[in-house]
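In: Requesting a structural model of the entry that follows:
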Amino acid sequence: MFLHQRPVRLEEVDAAGIVFFPRILGYCHDTLAELLSGLRGGYAALLMERGIGLPTVHVDVDFTAPLRFGDTAKIELTVARIGRSSATFDMSLSRARDDVAAARVRLICACTTLSTLRAIEWPADVRQILEACLVTSA
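Out: All right, here's what the predicted structure looks like:
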């Protein structure tokens, strides 16, 4: 499991005072970028120097409680599946102050070249990071 925490910023909330729902996907992307920060040059080098992207191809989200300005979002990431050129990420978001579950997100991302957007096999260094978060059922 990989844990990332980030504050909820004022510009991320809607008129109801809660995080505008698409921002949750931004939080998930931030978490994935943090997960890959251990790569040489981090996530930025994966994109900008190596020309490898991880586009999201499928999303499922269930919202269970609001996040508000001033909260800290706690995002726990696990990898449910790693294929040749795709992976399934499960993320649980909660409020750090009281550990109340806010959302459950499942993302399926492909590994592609940015120049052609064609699927490629996971690079060994990326696969190693993903495997460290892989949840296996007994």
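
In: Sketch out the strands for this structure, chain order is fine.
Out: For the chain, the strands defined by DSSP state E occupy 2-7, 52-53, 56-63, 72-82, 86-95, 101-110, 112-113.

In: Name the residues that touch the longest one?
Out: Read that as strand 72-82. With CB atoms under 8 Å, 6 or more residues apart in numbering as the test, strand 72-82 has contacts from 1-8, 19, 27-28, 30-32, 35, 67, 87-97, 99, 102, 106, 122, 127, 130-131, 133-135. (Glycine included, C-beta is placed from N, CA and C.)

In: Give the buried residues for that strand.
Out: Using 16 or more other CB atoms under 10 Å as the test for burial, strand 72-82 gives 73-77, 79-80, 82.

In: Not counting its neighbours along the chain, what's nearest D125?
Out: Nearest non-adjacent residue to D125, counting by CB to CB, 6 or more residues apart in numbering: L39, 5.9 Å away.
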